[in-house]
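Undergrad: Sequence and predicted structure, then a few things I'm wondering about:
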Amino acid sequence: METVKTNNKKTKTPSQQRAEAEKAGFNFRDKDNQAALYILFGSRTGNSESAAVLACEYARHQGMEAYLLDMNTMKPENIRHIRNLLIAVSTHGEGDPPEVAEHFYHYLHSDAVQLSPDLRYSVLALGDSTYEDFCKTGHDIAGRLQKLGAKVHSPLAECDVNYEENAMAWVRRSVDAFAEVLPLKNPVKDKTFAFEINKREGDFDDACFAPVLSKKMLTTPESTRRTMMLSLSVKNSGLVFNPGDSVGVYTTNARMFVDRVIRKLQFDSTTQVDVNGKTKMLKEALIKDFELTVLTTMVVSKYFEITQLPELKKLTGDEALLEHYCETRDVLDLITDYPAPLTPAQFVTVLRKLNPRLYSLASSPEQDSEKIDLVAGLIEYTRSNRERTGVCSSLFTDRVDDGETLPVFIEHNDRFRLPDDKSRPLIMIGAGTGIAPYRAFLQEIENTSRQHPAWLFFGEKSPEADFLFREELEAYLSNGTLTRLNVAFSRHKNQKKYVQDLLREKSEELFDWVSNRNAVLYICGNKRTMAKEVRSALKEVYQQNTGKNAQAAEEWLQKLKSGKSLRMDVY
């Protein structure tokens, strides 16, 4: 059992604090809410919770009466009793609140919300800067509180995937701000306090090391982008998984690529650097701990802060230009295009943490509970006379063979489940590797008592080279597991057709399935292209069949989404 790392000998575990918070949540009127500080979190992966726990411990260390609250368990209407509030919340995917925070988020944005006129607050917004709507949920909540008349007591702070430093700074700043206005009843005599975020210790300590059973190329050699399926053994692993979940793969950077980065910077690979308070050799750290194949605007901005290169000033000052630069570059490009003297210690402070990669589960435990399948579109291209490969693409193709193991975990996704009603119709829309979860859905339907009418819209480039799982889908059509299948290919006989075009072609029937048959709409695929175009097409379908305007169509989509009749898994 983990405990929060502070100097308070009576430190409680997060679960103990949550139990305490739930008790407080049902007895707000018994508390001195004018004097109490409430720390509310909405966390999908645990990062927001870790920051909230630290804030609660630090507040108690200062002598404040402080309570930890979970958006997932707190009755949202109880916010009306709170006068002093810290919020730590993450953002999921395309700007959505994490599922555990949805109820609170929607209540706060409803007409029913009631706040204390004296409410003062501070927000920690966590996110991933590779997504367009970075930290959106935190900004939405802060903006809504301010619109409702609450007062900002300490500024909002944003956190990227390297969240610890910013989160700890926010905890110190925001709690100290409340310490100036709230009574300090029982301050800890020992004034020292260890500012450490409670996080995993060691490498891959929550991973299942799954042997690779097979690697299969799903595309033909003529395809312009290779797609691979990996089958992994999870026999006796204890992993629990369901269709709609994702497989997380802990990855590492290729050693040859790391060597190129080190040579370019003229560093000694054995130099010692600090990684989360631990000392590691530079090469080991770059292999295991830091993102090198993906470049973000924040990394470039940090690099400019250290180097102060005049030629970088123009790039970092133009948001559109900077985003375009980052789209097709990696860290090696950055240090090649904009060379500057810096130390290994400075260099690693620029970099993002190397995060695991998530892949939609492409199999159902009802078909085989000892095996999981994942589908990966391999990132492979050449730019500036250098071959580029995604960090997991090189792992899957060149650095792991059958029989060797991959460290994996299951990322549960209750947003993307089959409906509880086992006969409710399904409309599944996907392109490319977005077909993966639907393969799992169809396996589940075939091997259980589910009787869903299932309609699949699938798009790819070429029917000859890229029609993923063609034989399986045709078999599902034949045996009735799949009711309808419509496919679109964007590079077939000089005719460009995309999955969104299919939706427009089947507009009347599609709208009938949704409006009259209560079908659940699923969208899975690229967030910037396919998902955006599909949403636009669905709004056109609504307008065409109702005669209403674009605003009404947007409200229709939002209603479907809030009612869980539109479920999205985009990346």
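TA: The structure has been received and is ready for your questions.

Undergrad: In contact with residue 542: list those residues for me.
TA: Listed by Cβ atoms under 8 Å, 6 or more residues apart in numbering, the contact partners of residue 542 are 511, 548, 552-553, 556-557. Placement of C-beta: from N, CA and C, glycine included.

Undergrad: and what of residue 88?
TA: 39-43, 48-49, 51-52, 55, 123-124, 126, 167.

Undergrad: Show me which of the contacts of residue 542 are buried.
TA: 511, 553, 556-557 (16 or more other Cβ atoms under 10 Å).

Undergrad: Closest to residue 226 out of the residues you listed?
TA: residue 557 (34.0 Å; Cβ to Cβ).

Undergrad: From residue 565, how far out is the closest one?
TA: Relative to residue 565, residue 557 is positioned 10 Å away (Cβ to Cβ, to the nearest Å).

Undergrad: Likewise for residue 54?
TA: On the measure of Cβ to Cβ, residue 54 and residue 565 end up 38 Å apart.

Undergrad: outside of the longest strand seen in the chain, which residues touch it?
TA: If you go by DSSP state E, the chain has its longest strand at strand 208-217. Strand 208-217 is contacted by residues 226-234, 237-239, 371-372, 396, 400-409 when judged by Cβ under 8 Å, 6+ apart.

Undergrad: What's the PyMOL syntax to select whichever of those are buried?
TA: Buried residues within these, by 16+ other Cβ under 10 Å, are selected in PyMOL with:
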select buried, resi 226+227+228+229+230+231+232+233+234+237+239+371+372+396+400+406+407+408+409
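
Undergrad: circling back: higher neighbour count, residue 54 and residue 565?
TA: Legend: neighbour count by other Cβ atoms under 10 Å for residue 54 and residue 565, higher for residue 54 (28 against 17).

Undergrad: helix or strand for that one, which one?
TA: helix 47-62 (DSSP states H and E).

Undergrad: Pull stretch 557-571 out as CSV, backbone CA atoms only.
TA: Coordinates of the C-alpha atoms in stretch 557-571 are reproduced here as CSV (Å, rounded to 0.1, in the frame of the first residue of the first chain):
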residue,chain,number,x,y,z
LEU,A,557,-25.0,15.8,-31.7
GLN,A,558,-24.3,17.1,-28.2
LYS,A,559,-27.6,15.5,-26.9
LEU,A,560,-26.6,12.2,-28.5
LYS,A,561,-23.2,12.5,-26.9
SER,A,562,-24.4,13.4,-23.4
GLY,A,563,-27.0,10.7,-23.6
LYS,A,564,-24.2,8.2,-24.6
SER,A,565,-25.9,7.5,-27.9
LEU,A,566,-22.7,8.9,-29.6
ARG,A,567,-19.5,7.3,-28.4
MET,A,568,-16.1,8.4,-29.7
ASP,A,569,-12.6,6.9,-29.5
VAL,A,570,-10.4,9.2,-31.5
TYR,A,571,-6.6,9.6,-31.5
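
Undergrad: What average pLDDT does it get?
TA: The pLDDT scores in stretch 557-571 average 89.

Undergrad: Which positions within that stretch qualify as buried?
TA: Neighbour-count burial for stretch 557-571 [16+ other Cβ under 10 Å]: 557, 560-561, 565-571.

Undergrad: The helix holding residue 54 - what's its average pLDDT?
TA: For helix 47-62, the mean pLDDT works out to 93.

Undergrad: do the same with stretch 222-238
TA: For stretch 222-238, the per-residue pLDDT averages 96.

Undergrad: ok, now stretch 126-142?
TA: Stretch 126-142 comes out with an average pLDDT of 88.

Undergrad: Start and end of it, how far apart?
TA: Taking Cα to Cα, to the nearest Å, the first and last residues of stretch 126-142 lie 13 Å apart.

Undergrad: picking that back up, from the buried residues of stretch 557-571, which single one is nearest residue 104?
TA: Distances from residue 104 to the buried residues of stretch 557-571, taken by Cβ to Cβ, are shortest for residue 561, at 16.7 Å.

Undergrad: What is the strand or helix carrying the closest one packed up against?
TA: Residue 561 is part of helix 550-562 when elements are defined by DSSP H and E. The helices and strands touching helix 550-562, judged by 3 or more Cβ pairs under 8 Å, 6 or more residues apart in numbering; DSSP states H and E, are helix 530-546, strand 566-570.

Undergrad: That one vs helix 530-546, what angle?
TA: 120 degrees (axes from the mean of the first three to the mean of the last three Cα atoms, to 10 degrees).

Undergrad: List the neighbours of helix 550-562 that are in contact with it.
TA: 106, 514, 521, 535, 538-540, 542-543, 546, 566, 568.

Undergrad: most neighbours, which of the residues you listed?
TA: residue 538 (26 neighbours).

Undergrad: picking that back up, and the contacts of helix 550-562, which two are the farthest apart?
TA: Farthest-apart pair in those is 106 and 540; separation 26.5 Å (Cβ to Cβ).

Undergrad: show me the contacts for the nearest residue to residue 533 once chain neighbours are set aside.
TA: Leaving out its chain neighbours, the residue that sits closest to residue 533 by Cβ to Cβ, 6 or more residues apart in numbering is residue 500, at 4.4 Å. Applying Cβ under 8 Å, 6+ apart to residue 500 gives the contacts 530, 533-534, 536-537.
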